[in-house]
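J.: With the sequence up front, the predicted model follows.
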Amino acid sequence: MWIRYVIFFVFLLSVGIRLEGGVYYIDYEKGNDYNPGTKERPFKHHPWDIEAEGVAKSVKGIHTYYFKKGVIYRGRLIAKDSGKSGKPIKLTVDPEWGEGKAMIYGSERITGGWKRCTEEDTEIPEFCRDKVWYIDLDGSYIPQAVWEIRGDKVIRVNIARNPNWEITNPDDPHSGWWEWTGVSLEIKMDVESTEGFEIGDRIEVPGYSYRSKIIDKGKNWIKVLVIKPPEIFSKKFPFKEGVSITNGRVTTKIRKVYSHQADIISVAEDSLHLTQRGIDLKGATVWSELWCGGDAVCTPIWSYNPETHEIRAQFHRSPREFAPRKFYRYFLENHPAFLDSPNEFYYERKGKHPGRLYIRLKDDYNPNNSIIEVAKYHSFLEIYRKKHIVIDGLEIRFFNNLDPETLWKTQMSSHHCAGIILKGENQDIKIQNCFFEDLPNGISGFPFDYGDLIDNIEISHNEFRNIEGSGIWFCLSGSYHQPIPGIDYKTHRWFHCVKSKKLHGLKARLKHVWVKHNLLYNCGFRNMNFWRRGAGIHIDSGELVEVAYNKLDRMYRQGINVFVGSPFDHPYRVKGIEYPLMRVLIHHNQVTNSLLDTQDYGGIEAWMGGPVYIYNNISGNAVGYKHSHYRKWSGRKKDWYRTSCYGPGIYLDGQYKGYVFNNIVWGKNNNVNDQIYNSVGINEAMGFMHVIFNNTIYNCGAGLHKGMYQHNRCYYLNNLFLNIGNIFIIQTVKKVPEIEYTTLGYASNIFQGSPTYFGQLGDKIFKTIEEWKEFLEKEKVIASETGIITSEPQVEDAKNHNFKPRKDSLVIDRAKKVFVPWALYKVVGEWGFYKYSKDPRIILGENLNWNKEYKRREMFQNISRHNLIGHNIDESNYKYGILENWVEGALKLNGIDEYCELNPSDSVDLDMDTNNFLIEAVIKGKRGCLVCKVADGRGYSVYIGRNGKIAMKLLSDGEKYVRESKQAINDNKYHHVVLQVDRSKERPVDIFIDGKVSNGRERGRISKRKSLSNESVFLVGKGKEGYFAGEIDFLRVSRGTLADAETTIEELYNWEFNGPFLRDFYGRKPAGKARDIGAIEWTE
């Protein structure tokens, strides 16, 4: 009998188990890889584990793998298989096998063997040497984190550091750090000649007072120490190509300044604290704030000079902004001399005892009486180019981050260190019901090969706690750096130390992503991702994204950060891709205490394309403290919303077509002259086609802010501003001509508080709301009413964040109706028919078709807007429709001689060939042609016939096809209509009226390959079927079907006529004759 088992065993080893639908059990403590993997005889390792052997290693195919509950699994997995659609591979738990959690640890456990330091351990400070213990590890890894488990408590042990700081101010975690008293730069320059220049010479640039001296030189280059420059590589910085420099004896010209991040060395001084002699800090680590006193990053120390109180280090940033400056805060770590207080450790990588771990526990506890977890592995699971995998119900903890020397090379911890890494083209991956704690990053994903499609990623019902970087991070931009072994970073330029791959050059796509029902706490506190990464939830270049029902607290960067698509031609983002369909929903999230280590970002933030729908969220206490600005400007600059803090609750950062509604933004302090306060409720940097309405903003310095440039087709409606400290609305677009006043609208807001100013537009400041309104009327804005200012309380208990309106509040029934269309595929025409006071003949276009025209955001305002031009149209043609009443936004046409047209160059985009398309409208019509683009026997038109039914006609080279609706719509009522053309079908037209199919009679036929293309202009209200008689409230043209837009008529109609923008924060319909102003409806 045993011979059969041996033969079977050898067979399994040779060919592997390839059966589908199997179930395998894994018990790391009592399992054996030579077992069959049953519940009774489980494996020790998962088959994907790099340490797996025997039968376990041979298992392949689609299976479910159960990790035993109550058992700690230690190891690293690399996915080897894909599942199938509907048959995923599962890594999960059997609820009836074991007790507690199925734990995945990336650490080595030490339960004894510690020895107390003696006189021989001279690197440890003598005064505390007897309190420090050590153990010798095998040296195969460099631990960057250690945890003590004492009873039921998990205590993170700090890397030995100086100063021994603790968080004493929750809004300023760096308050215990030291400050730089000055920072100089070492800069290399090619020059025409070095003849006559000597090391030590003072260098001058005529007309500038910068102090600098030569510290090294070659045949045609010099290295200069620029001593504490006030400006770094700005327009005022004197060292530039072509500039003459002199030492007083001879003069030469600069040919090139080496300004790459690999060429700049910072020489940072702290005359108060960097005074300790007798120690060599070379190889230790410095953490320093970089950007306006935030975005702390670590890097190895290259040298230390106690005489000058300076360290030299390279901070891996472009020199213009991302290098330390005076007043930036810092601390030092990773040196045995810093083991001077409890709860610290030091790992000796080199020296007398390589591989030795020194530790001093909290309360000077004996480590032999405790459990010590030492971080070892960098990730639990790496999935590369796989599909259909589910990870469910696992607890993932105690994984290692990069050491600072390796980080200096790679720049991005997220590419290498995370609980789960999705690398390259991964599709249909679900990660749910898992617990991530004490990790360098939670989940990270990025492309790796040209054309990668990352799609159908779902991350839901997970919990993330104490994550050094990002909790959830997907990014298509930046570069992937793999260190080259054996190259010393101190003697080589950075890019000689790594193999690099520019991810943004791969033309990768991130299509469908769902991030829902997750809990994140304390993320980004030790971020080892350069370039200001490290948000709690970070989605880069997503197309169809939903981030919803997540709860985030204590985020050191943004809580939620979503980039929508990417410009077509940006050097550092995904290039050369058109995005015909983008739809991003960020809703029902709660983000509190964010931006603890950065500024000029938002608690909730969106970038780039659209439409983006940000609604029903809470963003509370977005801080954005800028310590260096506080030290520089305190007492000198007053009454400015961003003197020492800039942390908007919600931020549209270079984003286009954003709808922001029903959100609650609250701050803790609105006094902009204090050290720490909440600067802005909702912020825009650039961007246009924003509708910001029915939000409640409380206790911020400014209510709304917009900066940079581009300000057009933006509307601010129904917002409730409570206890605003400095200014209600400040829109300081840099280039005043780019404020297109005539396209802006302000209406039905309630302003409560006594700020210094009411508002600012461009360089004009308005003390009162009356001055503001007068200016808006003069500039002929679309809506100038703005709202009402009051000093009376409007909600029940704002201080305790109860924003329910009071019974006598001014907000009740005062909100105006706003319309928010659902995203469609490749929208080439969209019009809301708002009365344009400057010229009523013009109907502003509002479509966004993110194609190759959208090269870089600086030029987006110059892209054609597809404005319609009216004929025989004046102010009397505009009426209030059913969709909106903040403006007269419906166009009434007489059916005799009134119509609109698109200019010929824009009409090309609405010219249809053999492609699918649809036309959506909200109309009250009697008869005549709604839209027409017909010439020379080709084209399409939509009209209401004599029988009152709406119809679509397609024409091509003698062929004609007509489909009319089943029901008539000439009943003097508004109707929502969609006429859809699917050229793949024999009967290509479908008609939907008020959300339901209404396909009536057909006539004729048209071949699938027959083109509709023609050279006519696009007409609205005129065609061969006559002039249109009726009212048009909304009109949109898409070069795709509902299916192309990944939606249905039911979803579209329900959103547009029963969607969340028609309800309040809690989903309640208006209780009175209209909605209440603000996010919350008043109820009894």
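T.: Okay, I see it.

J.: that's a strand at residue 480, yeah?
T.: Yes - when DSSP: H, G, I helix; E, B strand; the rest coil is applied, residue 480 is found to be in a strand.

J.: And residue 126, how close does it get to residue 359?
T.: Going from residue 126 to residue 359 by CB to CB, to the nearest Å gives 18 Å. Any C-beta I mention is one placed from the backbone N, CA and C, and that applies to glycine too.

J.: So between those two, which is more surrounded?
T.: Remark: of residue 126 and residue 359, residue 359 carries more neighbours, 24 against 9, as counted by other CB atoms under 10 Å.

J.: Tell me who's in contact with that one.
T.: Contact partners of residue 359, counting by CB atoms under 8 Å, 6 or more residues apart in numbering, are 114, 132, 133, 134, 135, 146, 157, 344, 345, 346, 367, 372.

J.: For it, list each beta-bridge partner.
T.: Taking DSSP bridges as the rule, residue 359 bridges to residue 133, residue 345.

J.: Which residue comes closest to residue 469 once chain neighbours are left out?
T.: Spatial nearest neighbour of residue 469, excluding adjacent residues (CB to CB, 6 or more residues apart in numbering): residue 441 at 4.3 Å.

J.: same question, residue 835
T.: residue 878 (3.9 Å).

J.: Low-confidence regions, the chain specifically.
T.: Per-residue confidence for the chain (pLDDT under 70) gives these ranges: 1-19, 231-235, 261-262, 316-322, 486-496, 531-532, 735-737.

J.: Outline the domain layout of it.
T.: Per automatic domain parsing, the structural domains of the chain span 2-105, 109-160+338-375, 175-280+287-329, 379-805, 827-1045.

J.: related to what we said a few turns ago, would you mind writing the PyMOL command to select the buried ones in the contacts of residue 359?
T.: Command for PyMOL, covering only those of the contacts of residue 359 found buried under the criterion 16 or more other CB atoms under 10 Å:
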select buried, resi 114+132+133+134+135+146+157+344+345+346+367+372
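
J.: what's the burial count for the closest residue to residue 626 other than its chain neighbours?
T.: Distance criterion CB to CB, 6+ apart; nearest residue to residue 626, sequence neighbours excluded, is residue 292 at 4.3 Å. Residue 292 has 22 neighbours, counted by other CB under 10 Å.

J.: For residue 869, see how far away the residue nearest to residue 835 is.
T.: Separation of residue 878 from residue 869 (CB to CB): 15 Å.

J.: out of these two, which sits in the busier spot?
T.: The neighbour comparison of residue 878 against residue 869 (other CB under 10 Å) goes to residue 878, with 22 against 16.

J.: and that one, what does it touch?
T.: Counting by CB under 8 Å, 6+ apart, residue 878 touches 833, 835, 840, 888, 889, 890, 891, 892.

J.: And residue 204, by the same measure?
T.: Contacts of residue 204 (CB under 8 Å, 6+ apart): 210, 212, 245, 246, 247, 248.

J.: For it, give its distance to residue 252.
T.: For residue 204, the distance to residue 252 equals 12 Å [CB to CB].

J.: Could you pull out the residues contacting both of these two?
T.: Shared contacts of residue 204 and residue 252, counting by CB under 8 Å, 6+ apart, come down to 245, 246.

J.: ok, back up a step: is it correct that the residue nearest to residue 626 falls within a strand?
T.: No - assessed with three-state DSSP, residue 292 is coil; it does not lie in a strand.

J.: Break down the stretch 51-200 of the chain into its helices, ranges please.
T.: 54-58 (DSSP state H, counting those that start in this stretch).

J.: if we can go back for a sec, which one of the contacts of residue 204 sits closest to residue 810?
T.: Taking CB to CB as the measure, residue 810 lies nearest residue 210 of the contacts of residue 204, at 57.1 Å.

J.: looking at it, the closest one is touching residue 226, isn't it?
T.: Yes - Residue 210 is within contact range of residue 226, at 6.2 Å (criterion: CB atoms under 8 Å).

J.: Which neighbours do those two have in common?
T.: residue 239.

J.: and the contacts of residue 878, which of them are in helices?
T.: In helices, judged by DSSP state H, none of the contacts of residue 878 are found.

J.: Redo these as CSV? Include neighbour count.
T.: Shown next, in CSV, are the contacts of residue 878 (neighbours: other CB atoms under 10 Å):
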residue, neighbour count
833, 29
835, 18
840, 17
888, 20
889, 24
890, 27
891, 30
892, 20
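
J.: ok, of those, which one's closest to residue 765?
T.: residue 835 (28.6 Å).

J.: quick one: the closest one and residue 743, what's the gap?
T.: Distance of residue 835 to residue 743, computed by CB to CB: 12 Å.

J.: And for residue 1010?
T.: Residue 1010 is 40 Å from residue 743, by CB to CB.

J.: Have a look at those two and say which one is more surrounded.
T.: A count of neighbours by other CB under 10 Å puts residue 743 above the other of residue 1010 and residue 743, at 23 against 19.

J.: now the strands for the stretch 51-200 of the chain?
T.: Taking DSSP state E, counting those that start in this stretch to define them, one finds strands in the stretch 51-200 of the chain at 63-67, 72-74, 77-78, 89-92, 102-105, 107-110, 115-116, 133-136, 146-150, 153-159, 161-162, 178-179, 182-191.

J.: Which one of those lies nearest to residue 423?
T.: Of all the strands of the stretch 51-200 of the chain, strand 77-78 sits nearest to residue 423, with 9.8 Å by CB to CB.

J.: related to what we said a few turns ago, just list whatever residues bridge to the residue nearest to residue 835.
T.: Residues in beta-bridge contact with residue 878 (DSSP bridges): residue 891.

J.: With residue 650 instead?
T.: residue 604, residue 682.

J.: Contacts only, for it.
T.: Residues near residue 650 by CB under 8 Å, 6+ apart: 602-605, 614, 617, 619, 660, 663, 665, 681-683, 695.

J.: Between those, which sits nearest residue 901?
T.: For the contacts of residue 650, the residue nearest residue 901 by CB to CB is residue 660; the value is 33.1 Å.

J.: Identify the residues contacting the closest one.
T.: 614, 615, 650, 652, 682, 690, 691, 692, 693, 695.

J.: so residue 730 sits in a strand?
T.: Yes - assessed by three-state DSSP, residue 730 belongs to a strand.

J.: Leaving out sequence neighbours, find the closest residue to residue 401.
T.: residue 440 (3.8 Å).

J.: hmm, back to that, name the residues contacting each of residue 835 and residue 743.
T.: Taking CB under 8 Å, 6+ apart as the criterion, residue 835 and residue 743 both touch residue 782.

J.: Any of the contacts of residue 204 buried? List them.
T.: The neighbour count (16+ other CB under 10 Å) marks 210, 212, 245, 246, 247 as buried among the contacts of residue 204.

J.: All set, thanks.
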